[in-house]
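Trainee: Need a 3D model of the sequence below.
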Amino acid sequence: RTIQGGFYGLMIVMIIYNLFLFFTIRDFSYLYYCLYITSYLGIQSNMSGLSYEYLWSNNPWWGNHSAAFFECATLFFASLFLRSFLNLKVFLPNSDKFLVYYNYLILIVCLISLLIPINLAMQICHVFVILLVPIVIYVTFRMLKKFKPARFFAVAWFFLVLGALLNVVRALGFIPQTFLTIYSVQIGSTLEVVLLSFALADRINQFKAEKENAQREAFEFQEKSKKDLELKVQERTGKLQSTLNLIQKDLNIAKKIQKGILPSYNWKKNLFEVKYIYQPMDEIGGDYYHIAELEDGRIRIILADATGHGIQAALVVMVIQGMYEPFKRGTKLPGEILTEMNKNFVDKYSQLNTFFTCVIIEINPLTKKLYYSSAGHPDMILLHKDNHDLLHRTGKLMGWFYSEYKTEVRDFSTDSRIYLFTDGIFEQFNLNLEEFGEDRLLKVLVEKQNTPLVKVVDEVDKQLKAFLDKSSIQDDITFIGIEIKK
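Mentor: Got it, this is the predicted structure:
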């Protein structure tokens, strides 16, 4: 009883802990994991007789059928956890498709197990166990080199299977009954649950480490650049002026190149009114935007914000521009474009340990519809005649790992306006360390909704400069306003 109590206590603690993590970070892998453990506890409580003794002693019908029900539920949530944790939809789409059909079938079996004889239900469940085992082995083996947390996953399932095998061999009389063999299932299950928790934690640590590495390397690069510059100044005092002139010349060339990448448009013959502000913090910046007029009258706009500032961010901007070039006038939806751009970036530049936010919108003046997809970008502001809407992010930051981005649709009439911007517009601090803030920006835009678009953008620029007073900007600023011409 003490051992069983410790086993169930540990399982319940793991369920509560991982359920808390699910509500904290909203990763469904944790929810599927909790449901998997819960269903597995149902199997163990039936095998040990505790469920009959304490839970449903007065309900023999459920006591008989619960065994097959919990076995099917365990398989169902185990396969969901497998797909979500290893991100099979991206890495192994064929295996993911097989498990989708598997999930549908096992869910049906789970329900009909309550209606058919218990022996038949258990036989069907065992068939689905046999089907799941080889696919678990296959996808785990395939993912070992692609995804580091898969190693914990493989070891966890090994201990579960080992515990089950020891229990069977003991029951057949091939090995003696010892503490290890009698409680092999509980021991194997405990090790599996603990190792899967380590796997989930390792996945979080991997994502966190990638972010910290990107920030640390960006900082080290800036520090190294500063030290190198100081040494050169000390060593070449006599050539200081010529060196500075050469640096300034190179920066001016880079600035001209970047200015050529960032378009300047005459919108007098277009169906849209567009007004924007672009102000890099340094000579060259880490913001990128492009506005494309499509043949059928639609307009497509991309806005991206690379991590960091200066030369490093400017180089990332050039990469983003090159990746976007094939899509800027194509027929793909914004979410599809972001998904392919992110995959290309991860495939080619993941070693840079850098990331960026990005949003793409597309407006159709004929259907009065706005399509958008946002990869970790700040909420855009969509204003209508009498109300406003915030366009939230539809996916994670780009450049870390493979991800899919969905496309959202909103109404966009002649009374609507959309404002796109990078976080540099509101993350600005004055000499009193007060932030300009998103609320202040939204208030200006709502109050000036009936003012011409050009004057609204100028007013935002004016208020930001007045707010900063003598303080210089601390980030690149890009702010774009769009409306359909009335």
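Trainee: tell me the mean pLDDT over stretch 112-124?
Mentor: Per-region confidence: stretch 112-124 scores 83 on mean pLDDT.
Trainee: Could you check how far that stretch is from the centre of its chain?
Mentor: When C-alpha coordinates are averaged (CA atoms, centre = their mean, to the nearest Å), stretch 112-124 and its chain have centres 40 Å apart.
Trainee: buried residues in that stretch?
Mentor: 113, 118, 121, 124 (16 or more other CB atoms under 10 Å). (Each C-beta comes from the backbone N, C-alpha and C, glycine too.)
Trainee: And it, end to end?
Mentor: One end of stretch 112-124 to the other measures 11 Å (CA to CA, to the nearest Å).
Trainee: which SS class is residue 389?
Mentor: Assigned by DSSP: H, G, I helix; E, B strand; the rest coil, the conformation of residue 389 is strand.
Trainee: who's it bridged to?
Mentor: Beta-bridge partners of residue 389, counted by DSSP bridges, are residue 382.
Trainee: can you offset everything so residue one is 668?
Mentor: Got it, the first residue is 668 from now on, which makes the last one we talked about residue 1056.
Trainee: Hmm, it is touching residue 1049, no?
Mentor: Yes - the criterion here is CB atoms under 8 Å, and residue 1056 meets it with residue 1049 at 4.4 Å.
Trainee: Looking at the two, which one has more neighbours?
Mentor: Neighbours were counted for residue 1056 and for residue 1049 using other CB atoms under 10 Å; residue 1049 has more, 20 against 16.
Trainee: isn't that one right next to residue 1059, touching?
Mentor: No - Residue 1049 is not in contact with residue 1059 according to CB under 8 Å; the separation is 10.9 Å.
Trainee: residue ranges for the helices of the stretch 1018-1153 of the chain, please.
Mentor: Residue ranges of the helices in the stretch 1018-1153 of the chain, as given by DSSP state H, counting those that start in this stretch, are 1105-1114, 1120-1135.
Trainee: want to throw these into CSV with mean pLDDT and distance to residue 696?
Mentor: Converted to CSV, those look like this (pLDDT from 0 to 100; distance: least, CB to CB, whole Å):
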stretch, mean pLDDT, distance to residue 696
helix 1105-1114, 92, 31
helix 1120-1135, 92, 41
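Trainee: Go through the ones you listed and name the closest to residue 750.
Mentor: Of all these, the one in closest proximity to residue 750, counting by CB to CB, is helix 1105-1114 (36.2 Å).
Trainee: Give me the buried positions along the closest one.
Mentor: Of the residues in helix 1105-1114, those buried by neighbour count under the rule 16+ other CB under 10 Å are 1105, 1108, 1109, 1112.
Trainee: can you check stretch 702-715 too?
Mentor: When burial is assessed from 16+ other CB under 10 Å, stretch 702-715 yields the following buried residues: 702, 703, 704, 705, 706, 707, 708, 709, 710, 711, 712, 713.
Trainee: and of the residues you listed, the nearest to residue 1097?
Mentor: Sorting these by how near they are to residue 1097, with CB to CB, puts residue 702 at the top with 49.9 Å.
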